[in-house]
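S.K.: Generate coordinates for the sequence data below:
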Amino acid sequence: MEDNQKLYFDDIRVGMEFPPLVTKLTREDILNYAEAVEDYNPLFVDENFAANSKFGGPVNHPTTAAILTTNAHKTGAAMPSGIIHAKQRYKFFSPTRPGEELITRAKVIDKYEKRNKKYVVIQSLTVNRLNELKVESTATLIWPA
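M.R.: Alright, predicted model coming up:
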């Protein structure tokens, strides 16, 4: 499938993987996020405080890594309009840090029809360059007809 072709329900196969999403969140990204959500936890915004914490330095707000999992299936083929993000579950394993390169891989783990709706279940895993697991996510999407 070419990158500019839309990905319709009939194109999706269980086990199908999307191209990885590689991201490096900068210190500025973290501060902007803290401002946007008005969460000024010193672990995120105060380098001196964070350096003296059990983490030994600043960490990213967990939701910044979770956001990556919601976008990981949007790499490659274009998504049709009208997808409904019905449900998403997260497991957080270890904090991410400013400047840490994160790789998020997504794959289809289930596909089914129920009550005339088409569902696609996507699992996303975010790791760092050392392959340390950071976030696991499972999203259930309702695909347009």
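S.K.: Glu35 versus the residue sitting nearest the centre point of the chain, what's the distance?
M.R.: Geometric centre of the chain, nearest residue: Thr69, 1.3 Å, by Cα atoms, centre = their mean. Using Cβ to Cβ, to the nearest Å, Thr69 is found at 22 Å from Glu35. Where you see a C-beta, it was placed from the backbone N, CA and C, and this is true even at glycine.
S.K.: next one: Arg13
M.R.: From Arg13 across to Glu35, the span is 41 Å (Cβ to Cβ).
S.K.: go on, Val108?
M.R.: The gap separating Val108 from Glu35 is 35 Å, by Cβ to Cβ.
S.K.: Pull the lowest-mean-pLDDT helix or strand in the chain out as CSV, backbone CA atoms only.
M.R.: Across the helices and strands of the chain, mean pLDDT, DSSP states H and E gives its lowest value to helix 62-71, namely a mean of 82. Extracted in CSV, the C-alpha atoms of helix 62-71 (Å, rounded to 0.1, in the frame of the first residue of the first chain):
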residue,chain,number,x,y,z
PRO,A,62,3.6,10.5,31.7
THR,A,63,0.9,11.8,29.3
THR,A,64,3.5,13.1,26.9
ALA,A,65,4.6,9.6,26.2
ALA,A,66,1.0,8.4,26.2
ILE,A,67,0.2,10.9,23.4
LEU,A,68,2.8,9.2,21.2
THR,A,69,0.8,5.9,21.5
THR,A,70,-2.3,7.7,20.2
ASN,A,71,-0.5,8.8,17.1
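S.K.: who's in contact with it?
M.R.: 21, 23, 25, 29-30, 33, 37, 85, 88, 90, 92, 95-96, 102, 104, 106, 124, 126, 134-137, 139 (Cβ atoms under 8 Å, 6 or more residues apart in numbering).
S.K.: If we use 6 Å, what do you get?
M.R.: Contacts with helix 62-71, where a contact means Cβ atoms under 6 Å, 6 or more residues apart in numbering, come from 23, 25, 33, 90, 92, 96, 104, 124, 126, 134-135, 137.
S.K.: okay, who's weakest in those by pLDDT?
M.R.: Lowest pLDDT among the contacts of helix 62-71: Leu25, with 86.
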